[in-house]
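*Asks:* fold the following, please.
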Amino acid sequence: MKPDSKRMSSSTATQTLSGTIFIVDDDASFLKSLSRLLRAGGYTVQTFDSAKGFLERPDQEAPGCVVADLQMPGLNGLELQEALEKTSNPLPVIFMTGQGDIPTTVRAMRRGAEDFLTKLAPKADLFEAVERALRRNTGAEQQRRRQRQLQSRFAELSARELEVLDQVVRGRMNKEIAADLNISLRTVKLHRTNLTRKLKVQSVAELTRLAEETGVFKSAGLSKAAR
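*Replies:* Numbers count the residues shown, from 1 in each chain. Sure, this is the predicted structure:
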């Protein structure tokens, strides 16, 4: 198969959609031919002959996507997908198989697979699926990075500041917060100033949005004391 000239000429796509294509297949000949095709298309590729080998790779946080066979010895493709979902870097999965069926396809897609292709699918379909998977991974990684940043901000809050925050996002007035927490009005105002400074927000609406986005009060360790 010839390299995809559109992919190779698109430097913008290559720079934006960075990441490694991890191919997982126990068929050595298919593994070799598919890796050659993707490398010729301008992608960075790593190959693994088993799901276990892929899951034990050194760089667990590398961005990219997975192209996996469905039927493999040991962990099969669906089991690989399930195991990957439990990691801190749940890469999008594209299944390629010669033995697919409709129920299996439906199950894979419901679990979040990016695509389900036969091994005889046109290379254009594969490249399109890979591009979608890389875009999806880029967006997911940006969201995870934002979550980590927000969580680090919330980690700076004291227990009392969390209690005040809980009251604020529930729409309580300063006087009500002071009475509920048995603290002075001045102390409430001080805590609210600390909240806006530490969380880098300017309004109650922003405080509420961040609290909802991070799910800070869904944690039993925080919410039970605060509520």
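*Asks:* what sits against the residue nearest to P63 when sequence neighbours are not counted?
*Replies:* Of all residues beyond its chain neighbours, the one nearest P63 is G19 (4.0 Å), with distances taken as Cβ to Cβ, 6 or more residues apart in numbering. C-beta coordinates here come from the backbone N, C-alpha and C atoms, glycine included. Contact partners of G19, counting by Cβ atoms under 8 Å, 6 or more residues apart in numbering, are 44, 62-65, 134, 137-138.
*Asks:* repeat that with 10 Å
*Replies:* Residues near G19 by Cβ atoms under 10 Å, 6 or more residues apart in numbering: 43-44, 62-65, 91-92, 130, 133-135, 137-138, 141.
*Asks:* where does it land on pLDDT?
*Replies:* Looking at G19, its pLDDT stands at 91.
*Asks:* ok, now how distant is it from N89?
*Replies:* Counting by Cβ to Cβ, to the nearest Å, the gap between G19 and N89 amounts to 11 Å.
*Asks:* can you give me the strands for the protein?
*Replies:* Shown for the chain, the strands assigned by DSSP state E span residues 20-24, 44-48, 64-69, 93-97, 115-118.
*Asks:* deepest of those strands, which one?
*Replies:* Per-stretch averages of neighbours, counted by mean count of other Cβ atoms under 10 Å, single out strand 64-69 among the strands of the chain, with a mean of 26.
*Asks:* now the farthest one out in the protein, which residue is it?
*Replies:* Here the chain reaches farthest from its C-alpha mean at S184, the gap being 42.9 Å by Cα atoms, centre = their mean.
*Asks:* in this protein, what secondary structure element scores lowest on mean pLDDT?
*Replies:* The weakest-scoring helix or strand in the chain, judged by mean pLDDT, DSSP states H and E, is helix 11-16 (a mean of 38).
*Asks:* which residue is nearest the middle of the protein?
*Replies:* Within the chain, and using Cα atoms, centre = their mean, the residue nearest to the centre is A140, at 3.9 Å.
*Asks:* these two touch, right, that one and E114?
*Replies:* No: the pair A140 / E114 is not scored as a contact, 11.5 Å apart, by Cβ atoms under 10 Å.
*Asks:* give me the common contacts of the two.
*Replies:* In contact with both A140 and E114: 91-92, using Cβ under 10 Å, 6+ apart.
*Asks:* quick one: common contacting residues for G19 and N89?
*Replies:* With contacts defined as Cβ under 10 Å, 6+ apart, the residues adjacent to both G19 and N89 are 62-64, 137, 141.
*Asks:* quick one: least confident of these?
*Replies:* Minimum confidence in the shared contacts of G19 and N89 sits at E141, scoring 86.
*Asks:* next up, the contacts around it.
*Replies:* By Cβ under 10 Å, 6+ apart, E141 lies in contact with 19, 61, 63-64, 89, 91.
*Asks:* redo these as CSV? Include distance to T214.
*Replies:* Converted to CSV, the contacts of E141 look like this (distance: Cβ to Cβ, whole Å):
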residue, distance to T214
G19, 26
E61, 21
P63, 23
G64, 26
N89, 19
L91, 23
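*Asks:* which one of those is nearest to E82?
*Replies:* In terms of Cβ to Cβ, no member of these lies closer to E82 than L91, at 13.1 Å.
*Asks:* the closest one: neighbouring residues, count only.
*Replies:* Close neighbours of L91, defined as other Cβ atoms under 10 Å, add up to 25.
*Asks:* domain ranges for the chain?
*Replies:* 5-150, 156-226 (automatic domain parsing).
*Asks:* quick check: mean pLDDT of the last one?
*Replies:* Along domain 156-226, the predicted confidence averages to a pLDDT of 85.
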